[in-house]
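Participant: Task: produce atomic coordinates for the following.
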Amino acid sequence: MILRLHGVIRGAVQGVGFRPFVYRLARELALTGWVQNTPQGVLVEADGARDSLNNFVLRLKLDRPPRSFIQSFEFSYLDPAGYTSFEIRPSDTAGSKTALVMPDLALCEDCLRELFHPADRRYRYPFINCTNCGPRFSIITALPYDRPNTTMREFTMCPACRHEYEDPLDRRFHAQPNACPVCGPQLESWDPHGTVTARRDEALSAAAELLRAGKILALKGIGGFHLMTSAADEDVVRRLRKQKHREEKPFALMFPSLEQIRTACAVDGLEERLLQSAEAPIVLLRRLEGSSSLVCDSVAPGNPSLGVMLPYAPLHHLLLHHINFPVVATSGNITDEPICTDEREALHRLGGIADLFLVHNRPIARHVDDSIVRVLLGRELVLRRARGYAPLPVTLPAPVSDTLAVGAHLKNTVALARGSSAFISQHIGDLETPEAYNAFRETIEGMQTLFDGHPATIVSDLHPDYLSSAYARTRPERQITIQHHVAHVAACMAENELTGPVLGIAWDGTGLGTDGTIWGGECILAQQGHFRRLGSLRAFRLPGGDRAVREGRRAALGILYELFGETLFTRNDLLPVESWTPAEQKNLHRALAQHLNTPVTSSAGRLFDAVAAIIGLRQRSGYEGQAAMELEFAAGEGNAPPYSFDVQHSTDPWTIDWGTMILEILEDRTQAVPASTIAARFHATLAAMIVDAARRAGIERVALSGGCFQNRLLTELSVRGLEGAGFRAYWHQRIPPNDGGIALGQIAAAAFTGDLTRQE
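Facilitator: Numbers count the residues shown, from 1 in each chain. I've put the predicted structure just below:
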């Protein structure tokens, strides 16, 4: 009996060779009909025998292309339509846009072989790609994903490329960026004044010679510019730091090969898989001793880890093959500004940094930074979600009305919810400059255009002074605010598909609480559609307010004042006090006594900073989180017993009191106990606090979120402690635990409380 299958396939099924796969499978099974891209996904109709159609359904899922995934496949059997052949129909552009947009993908092995094969017509062509690799999110301007809706629309394919593009059996069938040296984008090298100095392969050779000469290259990649220079050259790396205004924060590195990475870093199996994956992120690896011949100390001052990636674009492969040594490959921007995407913009913003610009004429539709990942507890933990990951969605437990979440002030991302999918933007960054704020607004506009979003609701942070929150108030849609740490917990719940009850541990640097104080060490109960603050770290004052983010000695002073009161300033044995001049001490004493610019905080992040200052590791930080990172590095593997702590459970919320711990740390310092031992015991104490909180709450499932859980040691100790005590621990994997996850959490929290229930 002949039947007709009518089905809609949703998921990552556009731009990954899915239609030619369906075409080949249908012909193999002697089916007739058609397959078509639509803004909702892939639509398929097929006439055939029932057994053949059943086999077709099964193999669509089992044999799908490697970079695709199927979220849903809704189908029904109908009377046959009488099709005589199977065809790929032109894309349908009508209807609501809900199809997934694929991230940019690293160069595949087939294209890599062609790139370096002298007989291939794309030999040494820097823009080689196929349906399995190449730019996607960075070039698409609208759905469906067809060439006229990408920045490649400016390039008319030559007959050879057109033949590949139209042949369903070819690897480049409907590869939208398909091009070759005859018809595609081309390279040029420019001097800092914008004068063309070379073209095509000569431009690539000029860039390679520049790097060999110890100079700085600005390279236009897939999602924006990199600033590149030799990783071994101390002088040029220091020059890059000075001109980029990046004092000590580690630079990312690009190595020519996995073999060279192994000479500088320890690489385990999962880290190797990540480095060679289609996402191709920056992976944090442990640095080996004696690696300074390849990587100078100024690349990552005082840091035992290196952020490393392999070439992922054909241009990177060609350049790194040419020079055969690792390079710094940091974002092409000034600190706190978004990455440059246009060559004229790059001349203006990077002209005082780069000695040469290697550019091309394929426009970039949106900036996409490199993603950053570390391996933790045998899983990947995304710390910055951008190229390779964005804008793939997280699935919500139930459909919601169209909603825009504008995220936090730091490490900003935005998210757009449509139905059961929350599409999360690429990393935007800290909204500290006009350029960053403009990028934030452009990202929102781009997301709404790409997914045809018409949000009925805008969700923002409770803090009214965040630029993201201020932007939300300019919009006419219904407004919802979500407390920062509630959003952290909700993001972890959404990623792990938890609906409650859940105890959330939200530890980070800063977030405005509902009581007007600065939270950051919170125990949040998510239950029956509500969030409630069960407990918190003991609060203290931060002299100087926001200045304490970069000056851990201020947090230390606030903690010591909380413990010792007025007597603190009569003691000369406490390091953070000794670091101030007498005049400064007088002013700080007055500020603390009179509560002048000394906001109250329960921040775990500031507790890290304070302990780092107290034990002499770092009084001031060159970048956010530096003191906490150095405390983690000092702790090593952290095999040490915890310090004592108390819990005031008669209060609501109850208070986790670190006072005894700080007194014992001070005693250890007096006894000349090594900083490494103190740091290890400090981490053990924090993990013990989390286990104690879980016991007091009596909730089996515990979600760990917030910037503090970027810390490998803290997360591992906490998870093992919780599991050893009979609890089930959940932490982030594909969504950052830091503020990069706040936008998702804002949507998830509003959905959990029922504020986004879709009206059918």
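Participant: which helices and strands does the helix or strand residue 59 falls within pack with?
Facilitator: Taking DSSP states H and E as the criterion, the element that holds residue 59 is helix 50-62. Here helix 50-62 touches strand 2-12, helix 18-28, strand 41-49, strand 69-78, going by 3 or more CB pairs under 8 Å, 6 or more residues apart in numbering; DSSP states H and E. Every C-beta, even on glycine, is put in place using the N, C-alpha and C of the backbone.
Participant: quick one, which of those is packed in tightest?
Facilitator: Of all these, strand 41-49 carries the top mean neighbour count, a mean of 22, counting by mean count of other CB atoms under 10 Å.
Participant: any idea of the mean pLDDT for that one?
Facilitator: Strand 41-49 comes out with an average pLDDT of 92.
Participant: quick one: the helix holding residue 59 to strand 69-78, angle?
Facilitator: 170 degrees (axes from the mean of the first three to the mean of the last three CA atoms, to 10 degrees).
Participant: then helix 50-62 to PDB, C-alphas only?
Facilitator: This file holds the C-alpha atoms of helix 50-62, laid out as PDB (Å, rounded to 0.1, in the frame of the first residue of the first chain):
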ATOM      1  CA  ARG A  50       4.700   1.900   4.400                       C
ATOM      2  CA  ASP A  51       7.900  -0.200   5.200                       C
ATOM      3  CA  SER A  52      10.000   2.200   3.200                       C
ATOM      4  CA  LEU A  53       8.500   5.200   4.800                       C
ATOM      5  CA  ASN A  54       9.100   3.800   8.300                       C
ATOM      6  CA  ASN A  55      12.700   3.000   7.400                       C
ATOM      7  CA  PHE A  56      13.000   6.600   6.100                       C
ATOM      8  CA  VAL A  57      11.800   8.000   9.400                       C
ATOM      9  CA  LEU A  58      14.200   5.900  11.400                       C
ATOM     10  CA  ARG A  59      17.200   6.700   9.200                       C
ATOM     11  CA  LEU A  60      16.500  10.400   9.200                       C
ATOM     12  CA  LYS A  61      17.500  10.400  12.900                       C
ATOM     13  CA  LEU A  62      20.200   7.700  12.800                       C
END
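Participant: and stretch 622-629, how far out from the chain's middle?
Facilitator: 18 Å (CA atoms, centre = their mean, to the nearest Å).
Participant: Show me which positions of that stretch end up buried.
Facilitator: Under the neighbour-count criterion of 16 or more other CB atoms under 10 Å, stretch 622-629 has 624-629 buried.
Participant: Give me the lowest-pLDDT entry from those.
Facilitator: Lowest pLDDT within these is found at residue 624 (88).
Participant: Contact partners for the closest residue to residue 327 other than its chain neighbours?
Facilitator: Once flanking residues are discounted, residue 327 sits nearest to residue 228: 4.6 Å by CB to CB, 6 or more residues apart in numbering. If you count contacts by CB atoms under 8 Å, 6 or more residues apart in numbering, residue 228 has them with 211, 216-219, 254, 327-329.
Participant: which strand is the longest one in the chain?
Facilitator: For the chain, the strand with the greatest residue count under DSSP state E is strand 393-405.
Participant: Quick check: next helix or strand after that one?
Facilitator: Moving toward the C-terminus from strand 393-405, the first helix or strand encountered (DSSP H and E) is strand 415-424.
Participant: Show me what that next one is packed against.
Facilitator: Using 3+ CB pairs under 8 Å, 6+ apart, strand 415-424 is in contact with strand 393-405, helix 434-450, helix 742-752.
Participant: for those, which one ends up most surrounded?
Facilitator: Counting by mean count of other CB under 10 Å, helix 742-752 has the highest mean neighbour count of the helices and strands packed on strand 415-424, with a mean of 31.
Participant: Next, the angle from that helix to strand 393-405.
Facilitator: Computed by the same axes, to 10 degrees, the angle between helix 742-752 and strand 393-405 is 90 degrees.
Participant: okay, and the helix or strand of this protein with the least pLDDT?
Facilitator: One helix or strand of the chain scores below all others by mean pLDDT, DSSP states H and E: helix 575-578, with a mean of 70.
Participant: Going along the chain, name the strands of the stretch 201-350 of the chain.
Facilitator: 217-220, 225-230, 252-254, 265-266, 282-287, 305-309, 327-331 (DSSP state E, counting those that start in this stretch).
Participant: Show me what the last one packs onto, helices and strands only.
Facilitator: Just to be clear, that refers to strand 327-331. If contacts are counted by 3+ CB pairs under 8 Å, 6+ apart, strand 327-331 sits against strand 225-230, helix 234-244, strand 252-254.
Participant: ok so, going back, between the strands of the stretch 201-350 of the chain, which one is nearest to residue 296?
Facilitator: Of all these, it is strand 225-230 that lies closest to residue 296, at 8.6 Å by CB to CB.
Participant: ok so, going back, report the next helix or strand after the least confident helix or strand of the chain in sequence order.
Facilitator: Downstream of helix 575-578, the first helix or strand assigned by DSSP H and E is helix 582-594.
Participant: for that following helix, packing partners?
Facilitator: Going by 3+ CB pairs under 8 Å, 6+ apart, helix 582-594 lies up against helix 552-564.
Participant: sorry, back to before: could the strands of the stretch 201-350 of the chain go into a markdown table alongside distance to residue 80 and mean pLDDT?
Facilitator: Shown next, in a markdown table, are those (distance: least, CB to CB, whole Å; pLDDT from 0 to 100):
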| stretch | distance to residue 80 | mean pLDDT |
| --- | --- | --- |
| strand 217-220 | 52 | 98 |
| strand 225-230 | 55 | 98 |
| strand 252-254 | 55 | 98 |
| strand 265-266 | 59 | 97 |
| strand 282-287 | 52 | 97 |
| strand 305-309 | 52 | 97 |
| strand 327-331 | 56 | 97 |
